[in-house]
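Colleague: The amino acid sequence is not available; the structure is as follows:
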C-alpha cells in the first residue's frame, strides 16, 4: 500500500501537471503587482480571452503537452488539438480557463504556507530563528522538528497529485472533442475501415480467383503431357494473367488516388442516380422513399447511400435483370433501408446466401454495426431481403 501511495511521485507527468498548474499564477502575480486590490480581474479577463477561437487551440496544445504527454500525436487523444469550431466550444474554453485559474490559486494557497512551514521547522531544528513570515510560533529549538519538517511537503505533493488528476479530467471534459468532432472522426474511421475491407475483397475476388485458375491450368498441362493441350493451357494462363494484371492496376489506382472529402460524398438525397444506374443495367426499380431524408445527419445519410449501393449491386450481381423493390424511411429516431428482389433459381441463390468475402453483405453489416444499427439479410418468401436500420439521433 505504501508503494502504491508513492508511485505517483515517481511519475514525470505529476510534475509536468504541477508546472501546468503553476503557470497561470504568473499572470495573476503580474496583475497583483499592478493592482493588488482587484485580484478578481484575471478571472474576468478570462471570459473575452476564452471566446477567441485560437485560444482553445493554444490551451489544448499546452494541456496535451503537460497533462497527457502520452497521448501526443495520437488520433484518438482525449484532448482535441483544434480551434473552437462553434460557440459551445468557446464557452467550454472560458470555463476551462476559469477552472485552471481556480486550481492554480488553490495550489498557491496551499503550497506557499507548506513551504514556509517546512522552512520554519528546519530552521528551528537547526537552532536558527524563524523567518519573518512565520505561520506558527515554535517553542524554541527542538531536534525533533526535523522529523516533522517533511510533513508539509508531503501534504503539498498529495495536493499536487490530486489537483493534477482533477485538472486533467477537466481538460478532457472541456477541451476534448465535441460531439460533431467525434462524429466526424468516427465517420472518417468508418470510411477508412470500409475502404480497406472493400479493397481486400476486391483483391481476394479478382487476383485470388485468377491465381487459382493459373495454378490449376498449369498443373493440368503438366499432368497431361500433350503438346497441343499444353499450348491451349498456356494461352489460357496468358489471358488469365492479363486479366489479373488489369484488376491489380485498377485496385492500385484506387489506392493512389486521394480520397474524396467527406462532405463531397453522395448522400441519400442523391439515391436517384443509383436507381437510374440499376435501371440502365436492366433491372426494374420500384422505389418508395418516405420521411425527411434531407434532414438525416451527414454521416448517417452518406452511409445509408453506400448501403443502398451495396444492396443494389448485390441484387444485380446475383439475381440479374429482375424487379427490385427499395424502401427508405426516416424519422426522428431511425433510418430504415430495405431492398428486396426475387431469388433466382439454383446456383445464383446459393452464391447470394452466405455473407462471405466479395458478396458485399459483410460490408453492409460492418457499416451498420459501426454506426450502432442493425442489418439482416436473407431469403424470405421467395425474395432476397436486405434490411438495415441506423439511428438518426434526431434529425439534423
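Modeller: Okay, I see it. Because the structure is a prediction, the values reported are computed rather than measured. Numbers count the residues shown, from 1 in each chain.

Colleague: so what are the domain limits for the chain?
Modeller: With automatic domain parsing as the criterion, the domains of the chain are listed as 2-177, 184-262, 265-396.

Colleague: would you turn the ones you listed into TSV with mean pLDDT and mean neighbour count?
Modeller: In short, each C-beta sits where N, CA and C put it, glycine included. Shown next, in TSV, are those (pLDDT from 0 to 100; neighbours: other CB atoms under 10 Å):
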stretch	mean pLDDT	mean neighbour count
domain 2-177	83	16
domain 184-262	71	14
domain 265-396	80	17
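
Colleague: isn't residue 97 right up against residue 45?
Modeller: No: counting by CB atoms under 8 Å, residue 97 does not reach residue 45; the two are 9.2 Å apart.

Colleague: Which helix or strand contains the nearest residue to residue 178 once chain neighbours are set aside?
Modeller: Sequence neighbours aside, residue 89 is the residue nearest to residue 178 in space, at 5.9 Å (criterion: CB to CB, 6 or more residues apart in numbering). Under the criterion of DSSP states H and E, residue 89 resides in helix 87-125.

Colleague: Can you spell out which helices and strands pack onto that helix?
Modeller: Using 3 or more CB pairs under 8 Å, 6 or more residues apart in numbering; DSSP states H and E, the elements in contact with helix 87-125 are helix 12-22, helix 24-34, helix 41-50, helix 53-66, helix 145-148, helix 150-174.

Colleague: now it against helix 41-50, angle please.
Modeller: 150 degrees (axes from the mean of the first three to the mean of the last three CA atoms, to 10 degrees).

Colleague: start at 856 instead
Modeller: Fine by me, first position is 856 from now on; the one you just mentioned is helix 942-980.

Colleague: the inter-axis angle of helix 942-980 versus helix 1005-1029?
Modeller: Using the same axes, to 10 degrees, helix 942-980 lies at 180 degrees relative to helix 1005-1029.

Colleague: what angle separates helix 942-980 from helix 879-889?
Modeller: 80 degrees.

Colleague: ok now helix 942-980, how far from the chain's centre?
Modeller: From the chain centre to the centre of helix 942-980 is a distance of 34 Å (CA atoms, centre = their mean, to the nearest Å).

Colleague: picking that back up, just want to check the distance between the residue nearest to residue 1033 and residue 917.
Modeller: 16 Å (CB to CB, to the nearest Å).

Colleague: before we move on, what about residue 960?
Modeller: 18 Å.

Colleague: Next: residue 1095.
Modeller: Separation of residue 1095 from residue 917 (CB to CB): 60 Å.

Colleague: cool, and residue 1170?
Modeller: 54 Å.

Colleague: And residue 1228, by the same measure?
Modeller: From residue 1228 to residue 917 the distance is 39 Å (CB to CB).

Colleague: Residue 938 against residue 909, yeah?
Modeller: Yes: Residue 938 lies in contact with residue 909 (CB under 8 Å); the separation is 5.4 Å.

Colleague: Tell me which of the helices and strands packed on helix 942-980 lies nearest to residue 1121.
Modeller: Residue 1121 lies closest, by CB to CB, to one member of the helices and strands packed on helix 942-980: helix 908-921, at 31.0 Å.

Colleague: got a list of contacts for that closest one?
Modeller: Outside helix 908-921, the residues within contact range by CB atoms under 8 Å, 6 or more residues apart in numbering are 871-872, 874-875, 878, 904-905, 926-927, 932, 934-940, 944-945, 947-948, 951-952, 1026, 1030.

Colleague: Next SSE downstream of the helix or strand hosting residue 1054?
Modeller: Residue 1054 belongs to helix 1034-1058 when assigned by DSSP H and E. Sequence-wise, the next helix or strand downstream of helix 1034-1058 (DSSP H and E) is helix 1064-1079.

Colleague: Would you mind pulling the contact partners of that next one?
Modeller: Applying CB under 8 Å, 6+ apart, the contact partners of helix 1064-1079 are 1084-1085, 1088-1089, 1091-1092, 1095-1096, 1098-1099, 1102.

Colleague: Following the chain onward from it, which element is next?
Modeller: Next along from helix 1064-1079, by DSSP H and E: helix 1082-1111.
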